[in-house]
Structure formats: structure tokens, C-alpha cells
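Undergrad: Structure, please.
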Amino acid sequence: MLADVDVFISRRNGLVISVITLGEEVVELKSERENGEPPINSVFKGVVKRRCNSLNGYFVDVGLEDEALLQKKPECNALKEGDEVIVQLKRKKTLTKGPRLSCRISLPGKYLVYFPTARKLGVSGRIRDLPFAKKLKELLEKVLKENEGVIVRSSAVKAKEDELLDELSQLRRLWEEIKERAKKVKKGLLWRELPLWARVVRDYWGQIKEVVVDDPEVWKGLAEAFGSELSGKLRFSRNLDKVLGRHTLKNLIDRLFSRYVWLSGGGFLVIEETEAMVVIDVNSGEGCGDSLEENALRTNLKALQEVARQIRFRNLGGIIVVDLIDVRNEEHRRKLLEESKRIFEREGVRVKIYELSKLNLLEMTRRKEEQSALRELSEECPACRGLGLIKSKELVLYFIEQELDSFKGTKLELRVHPRLVEAVRKLVREKKLEPWVSIKEVWHENPNYYELLPSEPY
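TA: Modelled structure (predicted):
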């Protein structure tokens, strides 16, 4: 049976942070800036502008700021300039790459992912070996049409057969609505995916014990999206730090921005996220084996457990290389490779592990659709011109607003770094705090510097 999780959602100043906990452990942290852009997996109608053989695809105008790349697949192999096509957004624009599309449409529900144009029938790997999985596949095989498919999500473990069939019917109706809208427009958005905070609830549907939010609009949005099915689990709290247990949001963000992760026994990881790949270096601590080789094996196994947790917590993707401590014994090397696959599967991290090289580099890939949590919450450092990252203005304003709320009823002097002054003034104006908050511009070596100095009661 899948373990129950709690979801905590905090929204301030256009930034939404979602934290997923399993017992006392934080397993994931996700964030999204509310900038009005359609979320990942939204469906568009586009016009093919030109073919690009070097990228094996087409550039398509779907109404976004930049043309998006649609790579050739069997479903969209014979397109030509001027053709109209229904596509799905699979990756947003980044600093170095444009948006990416797919013509294989997938519509997610709480229990199923529906493919209206691709024959596919699968079951989540987390429940594939359970006795009822075969029965579910047989049930769906009977009702699926020739050119449609589904993947059964892990949350289906707690669903009844009629709930699965009802959701399949709803997703079919949604696809028909999308096609009808496509007939009326030349290009543009046809269906908007749920915001990230609602997708988190949907993706963990079968495991959710409680959802705690600190924003009335998020609470209302969840209530509208999931109705009475969620009402008994949805709770409002103005201060999530009080219900997050031993964690605070600031503590979690500080962990996210740290390159170092300590292991029990004295070893530690160094995590470097670059544009091309993620490199994780494993360093040994105190000896815990009978020999150097034994110590290396044990430390590596312990490190791999933490690597799996960090990949999930930080939402790392793309090419990931883990630089393990040197192990020379061939039997130990085989054990490391086999154990790594079991560890990642047990932690619920879907990766493809390739090999352990002669340099003791464990190579793997993880599907990357969204930016990592660190990239989402940071921006380029203005001092080193992109060689390092600092907390984004949105994130700093998030914590300033949080502290202002805790000082209500007190006159304050808010000292801030020059790069933050205009954004802070706008925040104070929007919250109508000018009568009791004065802002002072203070130069500081830390570009994220701010300080609240309370005076007498107001």
C-alpha cells in the first residue's frame, strides 16, 4: 500500500510553494511563479512556420512569445509549412532554449492519464506488481477504442472500477471539447492545465492525508477543482511554519540553496547543477568498514540513498552523474549498480541508470519537463554575471511579506539592498502598509539583504 502524505501550499507575492511530507520527512518541494503563462501540458492549436532538419522537427507558432519546437514523431511526421496542428506544451522557455511541443496529447486525471490519439495501455510501476493491476488492465482493454490509450496511475489503488470508467468518460469528453475549440481558432490556447499547486494534489490523490494552505484563493481553487472529495482533508492555516513540524519554509529553502548535504557517519555530497547536467560528488567521512574497499562500498550505498532523496526533493532532471568513491572489486561494483536501481525504485524516483564507468561515475537520466526547484527560485547573480545563483526577488519578497505579517501592529523600519528597493516599495504600497513601514536603502555585500527593525507599538 502506498504511504500517506501531507501537502502544504503557501502563496505570497505571486509565488506559490508546495511542500510534500511523508511523516516527518520532506520528500518534495515545488514552486511556481504566477506570471500568467500557461502551465506545462496545456494544449494549443498551432501553425507550422518552417521545417528544421538539423533539429529533426518543426517550428510552430502557437501564440506564445517565441515559436516552439515540435520534434518529428510518428503522429506528426508529414507536416509542412502552413499546416495547422493540435499540440501540447512539454517544456517552457528557458534562458538558452525555447519552448518544446509534442503532438502526442496526454490528458491527466486523478486515476488515469488518457491518450486520445495513441494506442497505449500501461500501469504505474509503483503498483504494477499488485494483484489487482492485471484485472484493471483487462477491464480497460475491453473499453478502449482502437486509437486511444491510458496509463493507470498509482492513485488508482484506492479507486473503484466505476470511478475509473467515469474518469475515462470525463477525459474523453474533454478531448471532444478541445477538438471543438480547435475548429474555431487559427492558433492559441485550447485547454489550460491546472496550476502546479493543484497538480500536486491531483498527482498524490491516492496518498493524501491532509492538505494545508495559507491563501484563501488557493483554498477556493482546490475546493472548486476537487469538490467534496477533498473537503474533509482541506485545511486553512495562516502560518504554515506552525504545522510543518520541525521544518520551516525558510529552513527548507536554505537546504535547497546549499551545495552540501551531510551523510550520517561523516560523509557528504556536493551537488552542482549546471546547464548541461547535474554532477553529484560523494565524499567519504569516518571509516565504517574493515578496509578501505569496504568503507568505500558502505559509504557509496549510504550516499546513493541520499542522492535519490535529493533528486526528488530538488526536482533534478536531465543528465545526472554521480561521482562515487573509488571501488575496484568487480563484485562490489556489480553490487553498487544493482543496489542503485533498487534504491531509486524504492524512493519513487524514476531514472534510467546506464552504467558505472571505469572512473566510478554512475550515469543516469531523468525526464526533465520543469526547471529544478533551485532554478525556479533563483536568478543569476549580478556580481558574477551568471557564474552563481542568488535567491530570486520573488523569493526574498515572499519572506519579507511573511515577516511583515508577523509584525502587524508595530511600526517598522525595513532596511533593504538597493536591488530590492523598488520591488519592496511596490509590495508595501499594495499591502497598504505605508503608515507603519518605512523603507531605508542600505548597501550590503549580500544582494538579498533585508532587515526589519521594530520600534514602538503603533
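Undergrad: Got phi/psi on Val5?
TA: Main-chain torsions, Val5, degrees, to the nearest 10: phi -130, psi 160.
Undergrad: again with Thr96
TA: phi -110, psi -10.
Undergrad: Show the contacting residues for Trp205.
TA: Contacts for Trp205 (Cβ atoms under 8 Å, 6 or more residues apart in numbering) come out as 110-111, 153, 155. (Glycine included, C-beta is placed from N, CA and C.)
Undergrad: And Ser291, by the same measure?
TA: No contacts exist for Ser291 under Cβ under 8 Å, 6+ apart.
Undergrad: What would stretch 12-31 look like as PDB? C-alpha coordinates only.
TA: Extracted in PDB, the C-alpha atoms of stretch 12-31 (Å, rounded to 0.1, in the frame of the first residue of the first chain):
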ATOM      1  CA  ARG A  12       2.600  35.100  -1.300                       C
ATOM      2  CA  ASN A  13       3.500  37.900  -3.800                       C
ATOM      3  CA  GLY A  14       2.900  35.800  -6.900                       C
ATOM      4  CA  LEU A  15       5.000  32.800  -5.700                       C
ATOM      5  CA  VAL A  16       3.400  29.500  -4.700                       C
ATOM      6  CA  ILE A  17       5.500  26.900  -2.800                       C
ATOM      7  CA  SER A  18       4.200  23.400  -2.300                       C
ATOM      8  CA  VAL A  19       5.800  21.000   0.200                       C
ATOM      9  CA  ILE A  20       5.100  17.300   0.300                       C
ATOM     10  CA  THR A  21       5.900  15.400   3.500                       C
ATOM     11  CA  LEU A  22       5.900  11.700   4.300                       C
ATOM     12  CA  GLY A  23       5.700  11.500   8.100                       C
ATOM     13  CA  GLU A  24       8.500  13.900   9.400                       C
ATOM     14  CA  GLU A  25      10.500  13.800   6.200                       C
ATOM     15  CA  VAL A  26      10.100  16.400   3.400                       C
ATOM     16  CA  VAL A  27      10.200  14.400   0.100                       C
ATOM     17  CA  GLU A  28       9.400  17.100  -2.500                       C
ATOM     18  CA  LEU A  29       9.400  20.900  -2.800                       C
ATOM     19  CA  LYS A  30       7.800  22.500  -5.800                       C
ATOM     20  CA  SER A  31       7.300  26.200  -6.700                       C
END
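Undergrad: Just give me the neighbour total for Gln88.
TA: Residues near Gln88, counting by other Cβ atoms under 10 Å, number 21.
Undergrad: With Gln305 instead?
TA: Residues near Gln305, counting by other Cβ under 10 Å, number 16.
Undergrad: Hmm, Glu347 and it touching each other?
TA: Yes - counting by Cβ atoms under 8 Å, Gln305 does reach Glu347; the two are 7.4 Å apart.
Undergrad: what are the ranges of the strands in the stretch 201-350 of the chain?
TA: Secondary structure of the stretch 201-350 of the chain (DSSP state E, counting those that start in this stretch): strands at 208-213, 234-236, 260-262, 268-273, 278-283, 318-323.
Undergrad: ditto for the stretch 1-150 of the chain
TA: 5-12, 15-22, 25-33, 43-52, 57-61, 68-71, 84-91, 100-102, 107-108, 112-115, 121-123, 149-152.
Undergrad: got the angle between the third one and strand 15-22?
TA: Using axes from the mean of the first three to the mean of the last three Cα atoms, to 10 degrees, the interaxial angle of strand 25-33 with respect to strand 15-22 works out to 160 degrees.
Undergrad: Please apply the same query to the fifth one.
TA: In terms of direction (the same axes, to 10 degrees), strand 57-61 departs from strand 15-22 by 130 degrees.
Undergrad: I'd like to know how far Pro38 sits from Val62.
TA: Pro38 sits 9 Å away from Val62, going by Cβ to Cβ, to the nearest Å.
Undergrad: can you name the two of the contacts of Trp205 that are farthest apart?
TA: Lys110 and Arg153 (7.4 Å; Cβ to Cβ).
Undergrad: what sits in contact with each of the two?
TA: Shared contacts of Lys110 and Arg153, counting by Cβ under 8 Å, 6+ apart, come down to 205-206.
Undergrad: More neighbours: which of these two?
TA: Set Lys110 next to Arg153 and count neighbours by other Cβ under 10 Å: Arg153 wins out with 23 against 19.
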